[in-house]
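>>> Prediction below, plus the sequence it came from.
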Amino acid sequence: MKHITITVTGEVQRVGYRDRVAKLARHYHITGQVRNCEGYDVEIIAEGKEEDIEKFTSAIRITEEPIHVESIEIVPGIAEGKWKYFEIQRGEPHEELGERLDAALTYLVRIDGNSRRSVQLGEKMLEKQDIMLEKQDTMIQKQDSMLEKMDTMVEKQDTMITLQKDTIHEIKDTKEDFKDVLHTKYQLIEQQLHEIQTVLRNAGMMS
C-alpha cells in the first residue's frame with residue numbers, strides 16, 4: 001500500500017471539490033480523507049495501490065468550472081491502514097451549509113451561462129439558416145428566370161423553323177410556277193417559229 005498527503009491549491013473550496021474527490025477516491029479504491037484547510041487549499045490523505053494512487057492523483061487535477069485546480073503538492077508517507085473507506089472531513093454545520101449554498105449557486109450560474117450560450121448559438125444558427133434560405137430563394141428565382149428565357153428561346157426557335165418551312169414551300173412553289181411559265185413561253189416560241197417557217201415555204205424562200 002502507498003500513502004500520500006496531497007495539498008491542492010486553486011479554486012477548490014466552496015465549489016464542491018471535496019465531493020468530486022470523494023467520488024474519484026471510491027472509483028479508484030482509495031481510502032483516506034479530504035478536508036478544507038485554513039485559507040483556500042484542500043488537503044487529501046490517500047492510501048491505496050500504487051497504480052490506483054497514480055490514477056487518482058491525475059484525476060483530481062480538475063479544471064472544469066467552477067472547480068479549477070492550479071497545482072498539487074504530494075508528500076509521501078507511511079501507510080497506516082486505519083481508514084476503511086474515503087471520507088469527507090466536514091467543518092461546522094453553518095460553514096458546510098454556506099459552502100453547499102455557494103457551490104449550488106456557482107453551478108446555477110454555470111448552467112445559466114451555458115444556457116445563454118446555447119440560446120445565442122441557437123439564434124446564430126437560425127440566422128445562418130435564414131440567410132441560407134434567402135440565398136436558396138434567390139437561386140430558385142434565378143433558375144425560374146433562366147427557364148423562362150429558355151422557354152422564350154425555344155418558342156423563337158420554333159417560330160424560325162416554321163418560317164423556314166414556309167419559305168422552303170414558297171421557293172418550291174415559285175420554282176414550279178417558273179417552270180410552267182418557261183414551258184408556256186417555249187411552246188409559244190416553237191409555235192411562232194413554225195408559223196414563220198410556213199410563211200417562208202409558201203413564199204418559196206424555204207424548201
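That came through, no problem.
>>> where along this protein do the helices fall?
17-27, 50-59, 93-202 (DSSP state H).
>>> neighbouring contacts of the shortest one?
Spelled out, that is helix 50-59. 2, 4, 6, 24-25, 27-30, 46-48, 72, 74 (C-beta atoms under 8 Å, 6 or more residues apart in numbering). The C-beta positions use only the backbone N, C-alpha and C, and glycine is treated the same way.
>>> if we go to 10 Å?
Residues from elsewhere that reach helix 50-59, judged by C-beta atoms under 10 Å, 6 or more residues apart in numbering: 1-4, 6, 20-21, 23-25, 27-30, 32, 44, 46-49, 72, 74, 76, 86.
>>> Going through these, which ones are buried?
2-4, 6, 20-21, 24-25, 28, 30, 32, 44, 46-48, 72, 86 (16 or more other C-beta atoms under 10 Å).
>>> other SSEs contacting the worst-scoring helix or strand of the chain on mean pLDDT?
Taking mean pLDDT, DSSP states H and E as the measure, the helix or strand of the chain with the lowest value is helix 93-202, at a mean of 74. Here helix 93-202 touches helix 17-27, strand 31-36, going by 3 or more C-beta pairs under 10 Å, 6 or more residues apart in numbering; DSSP states H and E.
>>> among these, which is nearest Val154?
helix 17-27 (73.5 Å; C-beta to C-beta).
>>> could you give the angle of the closest one to helix 93-202?
80 degrees (axes from the mean of the first three to the mean of the last three C-alpha atoms, to 10 degrees).
>>> distance between helix 17-27 and the chain's centre?
Relative to the centre of its chain, helix 17-27 is centred 39 Å away, using C-alpha atoms, centre = their mean, to the nearest Å.
>>> what's the answer for stretch 3-17, then?
41 Å.
>>> With stretch 164-183 instead?
68 Å.
>>> count of neighbours near Asp41?
Neighbour count for Asp41, taken as other C-beta atoms under 10 Å: 17.
>>> doesn't Thr7 make contact with it?
Yes - Asp41 lies in contact with Thr7 (C-beta atoms under 10 Å); the separation is 5.6 Å.
>>> Between those two, which contacts overlap?
Ser71, Ile72, Glu73.
>>> would you list the helices and strands packed on helix 93-202 in a markdown table and tack on distance to Ile161 and mean pLDDT?
Shown next, in a markdown table, are those (distance: least, C-beta to C-beta, whole Å; pLDDT from 0 to 100):
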| stretch | distance to Ile161 | mean pLDDT |
| --- | --- | --- |
| helix 17-27 | 83 | 95 |
| strand 31-36 | 93 | 95 |
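>>> Which one of the ones you listed lies nearest to Met146?
Once those are compared by C-beta to C-beta, helix 17-27 is nearest, at 62.7 Å.
>>> which one among the shared contacts of Asp41 and Thr7 gets closest to Lys175?
Using C-beta to C-beta, the shared contacts of Asp41 and Thr7 come closest to Lys175 at Ser71, 107.4 Å.
>>> That'll do, ta.
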